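Colleague: from the sequence below, what's the structure:
(chains A and B)
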Amino acid sequence: MPPGEESRTEHPAFESWGRYPVHQAVLKPLHWQGDFPAVLQGGNGGALAVGLGRSYGDVCLLDGGTLLPTTAMDRLLGFDAATGLLTAEAGITLAQILDFAVPRGWFLPVSPGTKYVTLGGAIANDIHGKNHHVAGTFGCHVPAFELVRSDGSRRICSAKENPELYAATIGGLGLTGVITWAQLRLKPIVSRGIDYEGIQFHGIDEFLDLTSKAQHLEYTVSWVDVTSTGKNFCRGIFMQGEHSQTPAPLTVSAKPKLVFPFDAPGFALNRASVSAFNALYFHKQIQPRVTALQDYEPFFYPLDAVLHWNRMYGRRGLLQFQYVIPWENAREGTVAVLQEVAKSGLASFLAVLKAFGDQPSPGMMSFPKPGITLALDFPIKPAKSFALFDRLAAMTLEFGGRLYPAKDARMTAAQFQAFYPQWQSFARYKDPALSSSFWKRVTGEGA
Amino acid sequence: MSTATQQQREPKKVLVLGATSGIAEACVRLWAARGDSLFLVARNTDKLNAVAADGRVRGAAWVGTAAANLDDTAAHATLLAHAADSLGGIEVALLAFGVLGDSKDHSFAAAAAVLHTNLVAAASAVLWLADYFTARRAGTLAVLSSVAGDRGRKSNYVYGASKAGLSTLVDGLRNRIDREGVRVITIKPGPVRTAMTEGMKGSAKFADVEKVAATIVAAIDRGDDVVYVPGIWRWIMAVVRAIPEQVFKKLNL
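Modeller: Here you go, the predicted structure:
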């Protein structure tokens, strides 16, 4: 109906990427940096700023509260073409930043596995990428931002100004205030291309060997086949790359044309189909070693080519599981977890293995630490996948590791508090008007 | 990509009235990326500054601003002359200010406020710009009206009346000054997803503001007459206008 329509209704439910859990909230989009304290008036279920909902579990949900989507706050506020320092509103997406930066010869300092996340979300979850071992987390490249609190105060946060709020907000899951704008240090590129090398490995020791040999390379990540056992146990492909130094045209990426059109039926992803996919993926690379000049889009964001690919998991959604286990237990813990997964008979479609580096994050609650990280995802089958998740979470704790809140929908309060013993110090910086379903679950707040 | 047209096109000097409206801001981004010079007018200084900063970063040759309540028609002449001086001459003007009003408030006071902003104040700016462009025998004046002005409906007839008046004014003006080298464009958007339409029933299906802006900017480049965006609304409104009033008054539109 044209403007002026009388009936105003609630938006459809805001979903996280895993589509589990489903929580109802009122949506009040933020359009301007001054909007946040005003929209709080009248709400009593708490509020939470959210971006594109690409976190998998419930860190971007607030049952019975008010979600504040920020994607209309997507303005560029400043760019220094000499240093690559970009200032932008927090709702801008990494895709929008790339569209602006790449033709000017600049690139994101840290790229996650999707470009469809907002700047604010990237800070709030202190995301990481394939270059963690050389560049640290996203927050390492955010020198300053502005935080608005529910009392209406606005604070510039940096390592020097309000340093405690700066540290609490990086990885602070959106709970310390609303980030209105942030600065990001981009890095120069001369080509869209990545000098890529893919190397097959058989077993954890070959993976560790390739990891140590690739320390000097900017990007490393591995896909691992978690469905195979016996001699194929922990086989995979080690992918490494660096930005091409050969100048080439810096064009803007085309918009994706494919959209996963419907919710796949629940049986579409089963052990047989996923095992077949894994075997195909492993053997897609026929030679043990392949080199190529690859565009950055398929290198960093292979799944972004299909919008809404999470519909592949059907209406029930998917669970993600991502741990980091510190080096002293990394090998033993990873083998034990992969054995547990293989034994469970549950198939993970996207299994990603990577070594984190030593560079500390400025964030107080940041997930990465030196060691091995493994990310798995499973279609939700409550009887089986929840039990497996609970076992894997317990194993992670035993091995001295921790789980990633952005990918979690299952860890218990006791586990969270053991993974992040600093949580009570963090809670002092939380804005009293803000909360999330995740925070309530792992702290018992409001229960 | 439109790089070819970007290269062919000379940078323009563009005045935007109501620059913080969703559609206008999306147009500003496109003009800025092409290296145009922009003078932006809106009521709220903070919002105006954010839109101006964005335009500068995206590549505008120059961005000037003036915070002003455009309801104050007595101030128009001074404001518009200042904009023209600052830009070094206006080549394109986009009039994009307007209010939706509260469709549940049936009072005359509410109607008068909507009619004043959308029709009276708009007419004041349009007529000043018509004189300005006619004196130079050049220029493009694009005015954001609405499909809501094409037929009175029970749900938004005051807004619709203001836009009907504006469309008719602009259409007539085109017939007066087109032959004097001035392009006058009536733009009639259907429902677009912006802050103004937020929370409306079905707003998830409204047109994408970036696509709407691209259509408007292209129509201004060409110098079209009457532009429906998205284009399908030309045909939808042709059907809506053709429904006999006997039937229409019983419908729930």
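Colleague: which residue packs closest to A:L68, ignoring adjacent ones?
Modeller: Spatially, and ignoring its direct neighbours in sequence, A:L68 is nearest to A:A49 (4.6 Å; CB to CB, 6 or more residues apart in numbering or on different chains). Where C-beta positions appear, they are placed from N, C-alpha and C, glycine not excepted.
Colleague: tell me, how many residues neighbour the residue of the stretch 101-250 of chain B found nearest chain A?
Modeller: Going by CB to the nearest CB, chain A is nearest to B:N156 of the stretch 101-250 of chain B, at 2.2 Å. Neighbour count of B:N156, defined by other CB atoms under 10 Å in any protein chain shown: 24.
Colleague: chain B versus the residue nearest to the spatial centre of chain A, what's the distance?
Modeller: The residue lying closest to the centre of chain A (CA atoms, centre = their mean) is A:I127, at 5.3 Å. Shown here: A:I127 relative to chain B, a distance of 24 Å by CB to the nearest CB, to the nearest Å.
Colleague: can I get the biggest helix by length in chain B in CSV, CA atoms only?
Modeller: Using DSSP state H, we find that the single longest helix of chain B is helix B:157-177. This file holds the C-alpha atoms of helix B:157-177, laid out as CSV (Å, rounded to 0.1, in the frame of the first residue of the first chain):
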residue,chain,number,x,y,z
TYR,B,157,-6.3,11.4,1.6
VAL,B,158,-4.7,14.5,3.2
TYR,B,159,-1.2,13.3,2.3
GLY,B,160,-2.7,12.3,-1.1
ALA,B,161,-4.3,15.7,-1.6
SER,B,162,-1.0,17.5,-0.8
LYS,B,163,0.8,15.3,-3.4
ALA,B,164,-2.0,15.6,-5.9
GLY,B,165,-1.7,19.4,-5.7
LEU,B,166,2.1,19.2,-5.9
SER,B,167,1.9,16.8,-9.0
THR,B,168,-0.5,19.1,-10.7
LEU,B,169,1.5,22.2,-9.9
VAL,B,170,4.7,20.6,-11.2
ASP,B,171,3.0,19.1,-14.3
GLY,B,172,1.6,22.5,-15.2
LEU,B,173,4.9,24.3,-14.5
ARG,B,174,6.6,21.8,-16.9
ASN,B,175,4.2,22.8,-19.6
ARG,B,176,5.0,26.5,-19.0
ILE,B,177,8.8,26.4,-18.9
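Colleague: wait, what's in contact with the closest residue to A:E89 other than its chain neighbours?
Modeller: In this structure, A:E89 finds its nearest non-sequential neighbour in A:M73, 4.2 Å apart by CB to CB, 6+ apart. By CB atoms under 8 Å, 6 or more residues apart in numbering or on different chains, the contact set of A:M73 is A:L30, A:H31, A:W32, A:Q33, A:D35, A:E89, A:A90, A:G91, A:I92, A:T180.
Colleague: can I assume the fourth one is in contact with A:A182?
Modeller: No - the pair A:Q33 / A:A182 is not scored as a contact, 11.6 Å apart, by CB atoms under 8 Å.
Colleague: what do the two both touch?
Modeller: Common contact partners of A:Q33 and A:A182 (CB under 8 Å, 6+ apart): A:E146.
Colleague: between those two, which one's more packed in?
Modeller: Between A:Q33 and A:A182, counted using other CB under 10 Å, the more crowded position is A:A182 (26 against 22).
Colleague: give the contact list for the closest residue to A:S348 other than its chain neighbours.
Modeller: Excluding the flanking residues, the one nearest A:S348 by CB to CB, 6+ apart is A:L376, at 4.2 Å. Contact analysis of A:L376 by CB under 8 Å, 6+ apart lists A:V226, A:Q320, A:F321, A:Q322, A:V341, A:S348, A:L350, A:A351.
Colleague: poorly predicted segments of the chain, please.
Modeller: No chain in the question, so chain A it is. Chain A contains residues with pLDDT under 70 at A:1-12, A:42, A:257, A:266-269, A:447.
Colleague: my bad, the chain I had in mind was chain B
Modeller: B:1-8.
Colleague: the spatially closest residue to A:N270 that is not a sequence neighbour: what secondary structure?
Modeller: Excluding the flanking residues, the one nearest A:N270 by CB to CB, 6+ apart is A:A347, at 6.9 Å. Counting by DSSP: H, G, I helix; E, B strand; the rest coil, the backbone at A:A347 sits in coil.
Colleague: now do the contacts for A:A347.
Modeller: Taking CB under 8 Å, 6+ apart as the criterion, A:A347 is in contact with A:V226, A:T227, A:L269, A:N270, A:R271, A:S273, A:V274, A:S275, A:N278, A:F378.
Colleague: neighbours of A:Q424, how many?
Modeller: Around A:Q424 there are 10 residues (other CB under 10 Å).
Colleague: and what of A:F260?
Modeller: 14.
Colleague: contacting residues for it?
Modeller: By CB under 8 Å, 6+ apart, the residues touching A:F260 are A:V306, A:L307, A:H308, A:W309, A:N310, A:R311, A:M312.
Colleague: do that again at 6 Å, thanks
Modeller: A:F260 sits next to A:V306, A:H308, A:W309, A:R311, A:M312 when contact means CB atoms under 6 Å, 6 or more residues apart in numbering or on different chains.
Colleague: counting neighbours, which of these end up buried?
Modeller: A:V306, A:W309, A:R311, A:M312 (16 or more other CB atoms under 10 Å in any protein chain shown).
Colleague: okay but the second one is in contact with A:P302, surely?
Modeller: No - with the criterion set as CB atoms under 6 Å, A:W309 and A:P302 do not qualify as a contacting pair; they are 9.9 Å apart.
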